[in-house]
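Trainee: no sequence on hand, only this structure:
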């Protein structure tokens, strides 16, 4: 399902806070782990007087997430990245480091809480043969369209044209068995419903467009268009500046791309668990499913809910993050609904 802008999901999260587990604001604790100095912060969390439970954020017996018998991505996942528009090398490297961190299980290379630990929740989902979503993810190919072949404004349908032309032009071929296609648009590309209703979405290609049914996701760089919507909490809406949490420093110094990382994680989790829109989702309408990322939108740590992101970490430079990646990278990525806990879960949980 499309990821909704924070400004649209804020009222929903306020309702869900009744069901969420929100504790009092903890005192900041300073730790020194792996020689990385950081503190725990939980921006302006307010006590929830509606519940005394302190077990899991976002937990609710009212969530009816069901399996609809479709496939999940249980085979090793080959990601084919399509860079649409002009990207700086540092930006592409940052995104690739996040994707490759998913399979980096060596704790020396990526200390906990890690991106790999975060994906472990995603891998709990199974298909009808009881096969789990794969924890092996490979960047199998890349294609850069710096000429904006399909223009600087894309629709949902022309994004499929981007995939089709990229497959024809790129060094990678159609991989209809293990492949997923990730279309990333640069900061100067506008997309239908971008910033207004979505920050990213996933679906599958039509054979009439590409020749095969291929799972894909699109995510845009909101850095200059709507960072307060799609790069929250690295930018915040104007109405929140007086009472809500202030904007936080992005872990890699790029508001737009750091914001994209969480959206990419959101879409990859849902694409893996619901690639053909007939596997894991809540609700009765497959054209508008509520998926495992949607259920935890806006939650990044313990004590989150009601529009508050929860407890995250802040390093000595003021950068905010909740998980570690390869090559010393840090990321802030939203939590995912756990089918075991029946609650939102993340690797940085304190309880």
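Mentor: That came through fine. Keep in mind it's a predicted model, so treat the numbers as computed, not measured.
Trainee: quick check, residue 228 in a helix?
Mentor: Yes: per DSSP: H, G, I helix; E, B strand; the rest coil, residue 228 lies within a helix segment.
Trainee: for residue 331, name its beta-bridge partners.
Mentor: residue 323 (DSSP bridges).
Trainee: can you read off the pLDDT for it?
Mentor: In this model, residue 331 is scored at 98, pLDDT.
Trainee: next one: residue 168
Mentor: As predicted, residue 168 sits at a pLDDT of 88.
Trainee: which helices and strands sit right next to the helix or strand harbouring it?
Mentor: Using DSSP states H and E, residue 168 falls within helix 156-169. On a contact count with 3 or more C-beta pairs under 8 Å, 6 or more residues apart in numbering; DSSP states H and E, helix 156-169 meets strand 77-84, strand 137-145, strand 179-185, helix 207-210, strand 215-220. The C-beta positions use only the backbone N, C-alpha and C, and glycine is treated the same way.
Trainee: right, and the ones you listed - which one's nearest residue 265?
Mentor: strand 215-220 (9.7 Å; C-beta to C-beta).
Trainee: in its sheet, what does the closest one sit against?
Mentor: Sheet pairing for strand 215-220, assigned by DSSP bridges, gives strand 179-185 (parallel), strand 200-204 (antiparallel).
Trainee: so how far is the longest one from its chain's centroid?
Mentor: Taking the mean C-alpha point of strand 179-185 and that of its whole chain, the gap between them comes to 14 Å (C-alpha atoms, centre = their mean, to the nearest Å).
Trainee: now the angle from that strand to strand 77-84?
Mentor: Per axes from the mean of the first three to the mean of the last three C-alpha atoms, to 10 degrees, the angle that strand 179-185 makes with strand 77-84 is 30 degrees.
Trainee: mind checking the pLDDT average for strand 179-185?
Mentor: Mean predicted lDDT for strand 179-185 stands at 97.
Trainee: who does the next helix or strand after that strand touch, helix- and strand-wise?
Mentor: Next along the chain after strand 179-185, taking DSSP H and E as the criterion, comes strand 190-191. For strand 190-191, the contact count by 3+ C-beta pairs under 8 Å, 6+ apart identifies strand 153-154 as packing neighbours.
Trainee: how about stretch 303-314, which residues are buried there?
Mentor: Buried residues in stretch 303-314, counted by 16 or more other C-beta atoms under 10 Å: 303, 304, 305, 306, 307, 308, 309, 310, 311, 312, 313, 314.
Trainee: columns distance to residue 161 and secondary structure on top of the residues you listed, output as a markdown table?
Mentor: A markdown table is the format used below for the buried residues of stretch 303-314 (distance: C-beta to C-beta, whole Å; DSSP: H, G, I helix; E, B strand; the rest coil):
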| residue | distance to residue 161 | secondary structure |
| --- | --- | --- |
| 303 | 44 | coil |
| 304 | 39 | coil |
| 305 | 40 | strand |
| 306 | 41 | coil |
| 307 | 37 | coil |
| 308 | 40 | strand |
| 309 | 36 | coil |
| 310 | 39 | coil |
| 311 | 43 | coil |
| 312 | 39 | strand |
| 313 | 41 | strand |
| 314 | 43 | strand |
